[in-house]
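Chemist: Pasted the sequence and its predicted model underneath.
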Amino acid sequence: MEGSILFWFIAGAIAVAADLITSAFLFMWFALGAIAAIIALMLDLSFAIQIIVFLLVSVGSMIIGYPIVKKTLKKSVKVSKTTEQGYIGRKLTVDEEIEERGRIKFEGIYWTVQNVGEGIKKGERAEIVGLKGNKLLVKKVEKKGE
């Protein structure tokens, strides 16, 4: 009996250690399975039954618990904007006429832009309204809204 408790304790400890190392919350379910196997051992069930209990509890709790943990973690982690996403809403003066596509220098970087509104003439103001792949989407700013 002692050898089996040690076996299940080590199996559970390895699962917890793997989860701590990877932060994946994928292995902790095997620790629950090991606890269930220890309970089966205390009930004097055979080693084959202990393995079946270990597998059923591990896989079952993973199927039920992992999606819940993943969803909860997704909600709690604040998503950081990329540099480009931070550009949305910013205004700039264009250096060349932009009908459909053009190039601008913004924040020291040359960008390909796609105009989503009426044509923008050199020297007019434009607003960055979105992103499309690696292009900035711009729209002419009306004089009143500057």
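Modeler: Nice, I can see it.
Chemist: domains of this protein?
Modeler: 2-76, 83-141 (automatic domain parsing).
Chemist: TSV for those, including mean neighbour count and mean pLDDT?
Modeler: C-beta: built from backbone N, CA, C; applies to glycine. Converted to TSV, the domains of the chain look like this (neighbours: other Cβ atoms under 10 Å; pLDDT from 0 to 100):
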stretch	mean neighbour count	mean pLDDT
domain 2-76	15	90
domain 83-141	14	86
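Chemist: from the chain's centre, how far out does the lengthiest helix in the chain sit?
Modeler: Looking across the chain with DSSP state H, the single longest helix is helix 47-76. What separates the centre of helix 47-76 from the centre of its chain is 21 Å, taken as Cα atoms, centre = their mean, to the nearest Å.
Chemist: which is the next helix or strand following that helix?
Modeler: helix 83-87 (DSSP states H and E).
Chemist: what packs against the longest helix of the chain?
Modeler: On a contact count with 3 or more Cβ pairs under 8 Å, 6 or more residues apart in numbering; DSSP states H and E, helix 47-76 meets helix 2-22, helix 28-42.
Chemist: Output the shortest one in CSV with nothing but the alpha carbons.
Modeler: Extracted C-alpha coordinates of helix 28-42, given in CSV (Å, rounded to 0.1, in the frame of the first residue of the first chain):
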residue,chain,number,x,y,z
MET,A,28,-3.3,20.1,-12.9
TRP,A,29,-6.2,17.8,-13.9
PHE,A,30,-3.8,14.8,-13.6
ALA,A,31,-3.1,15.9,-10.0
LEU,A,32,-6.9,15.6,-9.4
GLY,A,33,-6.8,12.2,-11.0
ALA,A,34,-3.9,11.2,-8.6
ILE,A,35,-5.9,12.3,-5.6
ALA,A,36,-8.9,10.2,-6.9
ALA,A,37,-6.5,7.2,-7.3
ILE,A,38,-5.3,7.6,-3.8
ILE,A,39,-8.9,7.5,-2.6
ALA,A,40,-9.4,4.3,-4.6
LEU,A,41,-6.3,2.9,-3.0
MET,A,42,-7.6,3.7,0.5
